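> 3D model of this:
(2 chains)
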There are 2 protein chains.
Amino acid sequence: MDRDWVLNVLETIAGYSRGETGITRLALAEEEIQARAYVTDIMQKMGMTIRVDAIGNIIGRLEGTDTAAAPVIVGSHLDSVPEGGRYDGVLGVVAGLAAIRRIQKDGHTKHPLELIIFTAEESSRFGFATMGSKAMAGVADIKAWSKAKDPQGISFMEALSAAGFQPDKIESASRVGEPIHSFIELHIEQGPVLEDAGLAIGVVEAIAAPTRLKIKVEGTPGHSGTTPMDSREDALVTAAQIILAVREVALSRYGEGTVGTVGNIKAHPGVMNVIPGLAELWVDIRGVNHESIVETLQELKDEISIITEAEGTTVSIEVLTSDKPVTLHPTIINSLEAACKDLKAPYKRMNSGAGHDAMHMASICPTGMIFIPCARGISHNPEESAAPDDIMTGVDVLTRTMRSLAE
Amino acid sequence: MDRDWVLNVLETIAGYSRGETGITRLALAEEEIQARAYVTDIMQKMGMTIRVDAIGNIIGRLEGTDTAAAPVIVGSHLDSVPEGGRYDGVLGVVAGLAAIRRIQKDGHTKHPLELIIFTAEESSRFGFATMGSKAMAGVADIKAWSKAKDPQGISFMEALSAAGFQPDKIESASRVGEPIHSFIELHIEQGPVLEDAGLAIGVVEAIAAPTRLKIKVEGTPGHSGTTPMDSREDALVTAAQIILAVREVALSRYGEGTVGTVGNIKAHPGVMNVIPGLAELWVDIRGVNHESIVETLQELKDEISIITEAEGTTVSIEVLTSDKPVTLHPTIINSLEAACKDLKAPYKRMNSGAGHDAMHMASICPTGMIFIPCARGISHNPEESAAPDDIMTGVDVLTRTMRSLAE
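Presented below is the predicted three-dimensional model:
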């Protein structure tokens, strides 16, 4: 049994962390560089060749019997959010290691196998997410990334240089046009669906994309003691109704897999004796059905018009990002589903509400994702937890699928 | 006509200000000390004697014919909020000067007349409001005030010393037990009631007191993309319903003069991809009817229970302050009303939603307040504005009332 080996590698990587609460292993920080070295060392001992691209993506490769065949790739990331958990990203890397280790024991496959550790999947340090996989998919935003700095003022480009990578050659990390057989990422679900349903595996069909809005409500500031209730134009009261409208509209679209959240709010001037004249809201709307997102947005705008008409306030909506959802490849989905059936692993097809490196890999090769349950759906939190049985079922499904794709 | 004189004094005081936007004349700052000196000089030239108490309240006095008679006092303050207006406080001081100047021309009254410039009416600099009048009313909170500092780290006590006052003798500023005939304060309304009704004068019957709450809502943080809409415990969604409940409950109490405002809100962690697990609200509830405030609070708590029960969130309510409303003196109210009638000044009896120095003077002597309209009810803002005609009507009513009280 390689169960102990998997849990031991997970435990060792959890040791590369700063601070006392949860896991803090920010992109390109000392702890992440150490974790990368640890996994690289394992890959080398397994006889894999190592290549590091300009943005620091680490690509371990085990050659197949057909030197002309395209690689079957597995991968995820080792960086974490501040005070995050042990499994987000790491589990995909360790499951990939375990799968290749098992396949290797049975001899060589036809196709080469690759394991990728992507750079800066979390946006926590530099403000941009999935930077490594974006670069590999040829969609690096060099202009914006050149200005990216961490809260200490260290730029992304400086951090890449300091780690020995090549910030001036990020474009060379692109694998667009290169033959790639397939890409699979295993990840904790980061939601409660599998746990609630008592299932071991989620076969991901689509990855939601966020549409992010900044909504600015303008009312009229006034003295909180002297302005009669019926002659107020309170920006925060309008904002409160928008928060509830976001929920109502998203609830009505529930069957379409679209969710809506107001993650932050600010009231101005924000003092007790002044009616807020200005309120700002930051809204995140996600789904896997692009049409549903578009309709949700339109419905929300209609609701906001009704609210502001009644309140005498004005609203401006700025679209910060608006990405299209990603549909994963039917061949890989079918292959993952077949593996679940063969292994009698209880599974369901589902969508991913969170973004992943797989989202970008899907634009350059047939891509699939495996979810395993995590306790109470909690992630990006010290309480992030995954059961060893579920982890090993995930490794089983990943191994079987990679083997069948690589043969 | 002394209209030009009044407008000229107001204009000169407006010149004692820092910065380019509106009026910034913080308590005990250089600009306020200069404005105090300017008004003191005017009083001295009018033959008034000047006394400055330990907390820096300036008391100008014009003796009456009966040396044993108690003084008729008028007063307000010269300090402003940052980027405030020209009239809040200042108008009460200048109207007092003008009234005493007029009365003086007709010879001496029986009662002495006093004009008081109170120290630190605005809480902007040191976090405490109406400090001078509190000290005069014998309710100085020396313990809390000893710790008060401005944002630059200068303590209230240091600022008093620097201005030549006596921080170690603040208690001596109390006039509790001293015979005082009456106190009147003229002030801009800081609300839209008089302007909307087309009236020149408000005769204040009561001053509202704020009850201030900090409400903490705890939900469960979660990933905004992966947590289904129907399994969320979103603290911000609960907070939004509380904001609307504050308004609904206050609207239902409208006839009782009670108002409710949520002035500030914070969501935690306050990022786009996390459902807020914690939200904080700062609530201000005011009225002139203590029973109504108590009932409003109870009704709000009942509403909050219903909301949290439905949302699966928990709420804690901390009462930050809870003062009792102040009823002004019927004799002064009647005297002010008689003056309005004699002068054919259109007026109404009304309440003050904002706090004033008069609130504390009311605990040591019969006290009244005169409101004049301000444009669109705006105050604490560079756009604060009062019409010269309304200002002079206010001076007329003040003069007539003071004269009749002092005779």
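> kindly list the longest helix within chain A.
Using DSSP state H, we find that the single longest helix of chain A is helix A:290-311.
> helix or strand right after that helix?
As assigned by DSSP states H and E, the chain's next helix or strand after helix A:290-311 is strand A:314-322.
> can you list the strands that that following strand pairs with?
Within its sheet, strand A:314-322 is paired with strand A:209-218 (antiparallel), according to DSSP bridges.
> tell me the first helix or strand C-terminal of the strand it pairs with.
Downstream of strand A:209-218, the first helix or strand assigned by DSSP H and E is strand A:222-223.
> list of residues touching that following strand?
Strand A:222-223 is touched from outside by A:232, A:273-275, A:277, B:190-191, B:353-354, B:377-380, with contacts defined as CB atoms under 8 Å, 6 or more residues apart in numbering or on different chains. For every residue, glycine as well, the C-beta is placed using N, CA and C.
> what's the answer for stretch A:267-281, then?
A:213-225, A:227, A:232, A:234-236, A:238-239, A:242-243, A:262, A:264-266, B:210, B:212, B:261-265, B:282-284, B:354, B:380.
> from residue A:90, how far out is residue A:331?
27 Å (CB to CB, to the nearest Å).
> again, but for residue A:149
In terms of CB to CB, residue A:149 sits 26 Å off from residue A:90.
> coming back round to it: who are the packing partners of the longest helix of chain A?
Judged by 3 or more CB pairs under 8 Å, 6 or more residues apart in numbering or on different chains; DSSP states H and E, the packing partners of helix A:290-311 are strand A:209-218, helix A:235-252, strand A:278-287, strand A:314-322.
> could you list the buried residues of that helix?
For helix A:290-311, burial by neighbour count (16 or more other CB atoms under 10 Å in any protein chain shown) applies to A:290, A:292-293, A:295-297, A:299-300, A:303-304, A:307-308, A:311.
> what's the average pLDDT for stretch A:107-123?
Predicted confidence along stretch A:107-123 averages 96 (mean pLDDT).
> can you say which of the helices and strands packed on helix A:290-311 is nearest to residue A:371?
In terms of CB to CB, the element of the helices and strands packed on helix A:290-311 nearest to residue A:371 is strand A:278-287, at 16.0 Å.
> neighbouring strands for the lowest-mean-pLDDT helix or strand in chain A, and are they parallel or not?
Least confident helix or strand of chain A, by mean pLDDT, DSSP states H and E, is strand A:222-223 with a mean of 88. Strand A:222-223 sits in its sheet next to strand A:274-275 (antiparallel), going by DSSP bridges.
> so who does the spatially closest residue to residue A:372 that is not a sequence neighbour touch?
In space, residue A:372 comes closest to residue A:394 once its chain neighbours are excluded; the distance is 4.1 Å by CB to CB, 6 or more residues apart in numbering or on different chains. By CB under 8 Å, 6+ apart, the contact set of residue A:394 is A:91, A:95, A:186, A:200-201, A:370, A:372.
> from those residues, which land in strands?
Among these, DSSP state E puts A:186, A:201, A:370, A:372 in strands.
> residue numbers of the stretch 51-200 of chain A in contact with chain B?
A:189-193, A:196 (CB under 8 Å from any CB of the partner chain).
> and the gap between the residue nearest to residue A:372 and residue A:88?
Counting by CB to CB, the gap from residue A:394 to residue A:88 is 14 Å.
> same deal with residue A:369?
Going from residue A:369 to residue A:88 by CB to CB gives 14 Å.
> and for these two, which residues touch both?
Common neighbours of residue A:369 and residue A:88 (CB under 8 Å, 6+ apart) are residue A:187.
> between the two, which one's more packed in?
Neighbour count, other CB atoms under 10 Å in any protein chain shown: between residue A:369 and residue A:88, residue A:369 has more, with 31 against 28.
> not counting its neighbours along the chain, what's nearest residue A:58?
In space, residue A:58 comes closest to residue A:117 once its chain neighbours are excluded; the distance is 4.2 Å by CB to CB, 6+ apart.
> how about the contacts made by the one you found?
Listed by CB under 8 Å, 6+ apart, the contact set of residue A:117 reads A:36, A:39, A:57-58, A:75-78, A:93.
> switch to 6 Å and redo it
A:58, A:78, A:93 (CB atoms under 6 Å, 6 or more residues apart in numbering or on different chains).
> swap in residue A:122?
Counting by CB under 6 Å, 6+ apart, residue A:122 touches A:79, A:81.
> from residue A:18, how far off is it?
For residue A:122 relative to residue A:18 (CB to CB), the value is 14 Å.
> same deal with residue A:38?
For residue A:38, the distance to residue A:18 (CB to CB) stands at 16 Å.
> about what we covered before: the more surrounded of residue A:149 and residue A:90?
Neighbours per residue (other CB under 10 Å) separate residue A:149 from residue A:90, with residue A:90 holding more: 28 against 15.
> quick check: closest non-adjacent residue to that one.
residue A:13 (5.3 Å).
> what lies in contact with the helix or strand where that neighbour lies?
Assessed by DSSP H and E, residue A:13 sits inside helix A:3-14. Contacts to helix A:3-14, defined as CB under 6 Å, 6+ apart, come from residues A:35, A:86, A:90, A:94, A:98, A:392.
> please apply the same query to stretch A:324-336.
For stretch A:324-336, the external contacting residues (CB under 6 Å, 6+ apart) are A:182, A:203-209, A:288, A:290, A:359, A:362, A:366-368, A:401, A:404.
> give the buried subset of those residues as a ChimeraX selection command.
Remark: buried members of the contacts of stretch A:324-336, expressed as a ChimeraX selection using 16+ other CB under 10 Å:
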select /A:182,203,204,205,206,207,208,209,288,290,359,362,366,367,368,401
